[in-house]
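Chemist: fold the following.
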Amino acid sequence: MASHRKSRPAGPGVAGIRTPALATAALTSVALLSQTAEAAPAPDSRPSIEEVEKKVDDLYRQAESATEKYNDAKEKTGKQRTRVASLLDDVAKRTDRLNKAREELGSFAAAQYRTGASASSTATFLLADTPQDYFDQSHLMGRLTDRQKGMVDDYVTQQSATMEKRREATRSLETLTESQRDIRTAKATVQKKLADARELLSKLNAEEKARLAAIEKQKQEEAARKAAELAKQQAAEQAAAQQQAASSGSGTSDSSGSTGSTGSTDTSGSSTSGTSYATQADKALAFARAQIGKPYVWGATGPDSYDCSGLTQAAWKAAGVTLPRTTYDQVNAGTTVSLSQAQPGDLVFFYDDISHVGVYIGNGMMIHAPKPGAYVREESIYYDGESAIHSVVRPA
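Modeler: Residues are numbered from 1 along each chain as shown. Here you go, the predicted structure:
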């Protein structure tokens, strides 16, 4: 008998059976797409122009710091090489005298051997490991004449002094080797930092280079503004000082003669001192200005190129003042003054590690050898911000 039940629709039943498989496939696709999206690189992973500018500036600063270490090691090496040469020459002369003394003592030994007198004792002396071993045999000393005793004493003294000089020369050679190693390390550091900076800059396209130049121009404008502010402040302080001096002079003329004479003498002494420094500073600045346009080259001291401390050293040498080679030593070669009291010719130092220096020319400006790839130029002392200024030192 045929069944009268209606058959169940196929659609829902089939759909119900296939749903888990379809869901699994869909989830798998979503997961794969998600992983692909995460693995894909960012549209633009290049550093920003600001980041490049900061990185390049940092590299140049690190290179300049390494340059000063190179200068220091090079100077020490030069001094140490001279010291070693002097010591070795001294050792050679002492050794020659020592050999002559030994030969003379040997002639006594030979004579004694021929005559049969005290041959064994003399030979014992010459063959002893040290003269002291021989002297310990005190009974043999009686067999030596006064002249022989004097020769032995002289021999012992010369031998001791020569040995000490040899030890000193050995120590100096070790120090020289260490300084030479420092030179190689500093030189490699400078070259690596400069190469990294050049690589960063080489990757910039024309538009990025233009933006970098715009950032640099903006920094220069801000630095010029700060320099103008300092110039205004210094002018105001100078005017106030002159007014105070005029008032003091007026007061002095109304006071007793002795007081006026003393005040006049003090003022004259101060004026003479100031005039002397100004004269030297003028010579230093004239030299520095004549170097404008010459390239910065690390480790250079002129006349065709300079690094920062090489320029300041050469400038003040032209004024008859000898400055040390490095910024680390130049900062201690004078009197520290406040920035507001800075005068033309003063040295302005930068950064906590004192790795840069320029010659102040007044009105918040200086002449300096800035960095690799740049030239000696006039620039605001605020070229890298007010916080970069370390100190101001007045040489001479």
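Chemist: contacts, neighbours, all on C-alpha from now
Modeler: Will do.
Chemist: any idea which element the residue nearest to the spatial centre of the chain lies in?
Modeler: For the chain, residue 68 is the residue whose C-alpha lies nearest the centre (C-alpha atoms, centre = their mean; 2.2 Å). Residue 68 is located in helix 49-115, with elements delineated by DSSP states H and E.
Chemist: that helix packs against which elements?
Modeler: For helix 49-115, the packing partners by 3 or more C-alpha pairs under 8 Å, 6 or more residues apart in numbering; DSSP states H and E come out as helix 119-127, helix 146-202, helix 206-254.
Chemist: looking at the chain, which helix or strand is least sure?
Modeler: helix 10-39 (a mean of 44; mean pLDDT, DSSP states H and E).
Chemist: out of the helices and strands packed on helix 49-115, nearest to residue 327?
Modeler: helix 146-202 (15.4 Å; C-alpha to C-alpha).
Chemist: the closest one - contacts with which helices or strands?
Modeler: Checking 3+ C-alpha pairs under 8 Å, 6+ apart, helix 146-202 ends up next to helix 49-115.
Chemist: and the helix it packs on with helix 146-202, angle?
Modeler: If you take axes from the mean of the first three to the mean of the last three C-alpha atoms, to 10 degrees, helix 49-115 sits at 160 degrees to helix 146-202.
Chemist: ok now helix 49-115, how far from the chain's centre?
Modeler: Put simply, helix 49-115 sits 21 Å off its chain's centre (C-alpha atoms, centre = their mean, to the nearest Å).
Chemist: just the angle for that helix relative to helix 206-254, thanks.
Modeler: 70 degrees.
Chemist: use 53 as the first number for this chain going forward.
Modeler: Taking 53 as the first residue, the last one we looked at is helix 101-167.
Chemist: so for helix 101-167, mean pLDDT?
Modeler: What helix 101-167 shows for mean pLDDT is 76.
Chemist: swap in stretch 295-304?
Modeler: Averaging pLDDT residue by residue across stretch 295-304 gives 73.
Chemist: again with stretch 327-335
Modeler: Averaged across stretch 327-335, pLDDT comes to 93.
Chemist: restrict that stretch to CA atoms and write it as CSV.
Modeler: The C-alpha trace of stretch 327-335 is given here as CSV (Å, rounded to 0.1, in the frame of the first residue of the first chain):
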residue,chain,number,x,y,z
THR,A,327,93.5,96.6,25.0
SER,A,328,96.1,93.9,25.0
TYR,A,329,93.6,91.1,24.7
ALA,A,330,91.6,93.0,22.0
THR,A,331,94.8,93.4,20.0
GLN,A,332,95.6,89.7,20.1
ALA,A,333,91.9,88.8,19.4
ASP,A,334,91.9,91.0,16.3
LYS,A,335,94.9,89.0,15.0
